[in-house]
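1. Pasted the sequence and its predicted model underneath.
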Amino acid sequence: MNNIIIKNKRANHACTYNYLNKLVSYRRSTHAMRLKFNNKFLPNLKRAQEEMVGFGLIIIIVMVILVIFLGFSLNKPQKELIESYEIESFISAGLQYTSDCADTYEPKYLSIKELIYSCDNMETCSNEKDACEVLENTLNRILEESWRIEKDSRVKGYVLNITSNNEEIIMLKKGNMTNSYKGNSEYLSRGVDISFIAYY
């Protein structure tokens, strides 16, 4: 009987020892697997996190640049529909335009500038047409071609006024006189003054 008890104790002790060995080996293997997992996947995980942080920073930088660009765009003054130099160029070029009025004394056609003086002096052309009538028709044609007033046009109206010693020689106007306009005037010799205003 004592032999049986001793054998059972030895068997139980052996089983416990084996169990403890297995438990220790399992823990060792588990620890080894964890180390292997950490060594294999943690660097990739850290790299992925770094890439995500870098990508996020890039997005933030791009957004900041876009906001700054948008701010500059909104603060940038809008271009005028009609610039002052366009009015100046129109008056200067218009005065050099050759009319259909031939000089009575010289074999040449008068420029608009010369025709204004002829109109102011109440002269006639070589074909017996009134200089003021030719001047008005020529200026109307130039205005129609240069400053078209249409439905979707940038030009809403215009006024051309020519005076001599503060007395009106001719005034041509068309369209709507809005609150937005650009104008310029040019003083000629003999007290003649020409002014033009374009409305938009």
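-> Right, received. Where do you want to start? Numbers count the residues shown, from 1 in each chain.
2. Checking my notes, Glu168 in a strand, right?
-> Yes: checked against DSSP: H, G, I helix; E, B strand; the rest coil, Glu168 lies within a strand.
3. and it, what does it touch?
-> 161-162 (C-beta atoms under 8 Å, 6 or more residues apart in numbering). No exception for glycine: its C-beta is placed from N, CA and C like everyone else's.
4. Please name the bridge partners of it.
-> Beta bridges link Glu168 to Thr163, judged by DSSP bridges.
5. Next: Ala198.
-> Under the criterion used (DSSP bridges), Ala198 bridges to Tyr158, Lys182.
6. what's the neighbour count on it?
-> Neighbour count of Ala198, defined by other C-beta atoms under 10 Å: 25.
7. just checking, it touches Lys182?
-> Yes: assessed by C-beta atoms under 8 Å, Ala198 is found in contact with Lys182 at 5.6 Å.
8. Mutual contacts of those two, please.
-> 82, 86-87.
9. now, which of these sits nearest Asp130?
-> For the shared contacts of Ala198 and Lys182, the residue nearest Asp130 by C-beta to C-beta is Ile87; the value is 28.3 Å.
10. Can you pull the phi and psi angles for that closest one?
-> phi -70, psi -50 (degrees, to the nearest 10).
11. Grab the nearest non-local neighbour of it.
-> Asn184 (4.3 Å; C-beta to C-beta, 6 or more residues apart in numbering).
12. same check, this time on Ser84
-> Once flanking residues are discounted, Ser84 sits nearest to Lys182: 5.6 Å by C-beta to C-beta, 6+ apart.
13. From Gln49, how far out is the one you found?
-> Separation of Lys182 from Gln49 (C-beta to C-beta, to the nearest Å): 61 Å.
14. Give the residue from these two that has the larger number of neighbours.
-> The neighbour count for Lys182 versus Gln49, taken as other C-beta under 10 Å, is higher for Lys182 (18 against 10).
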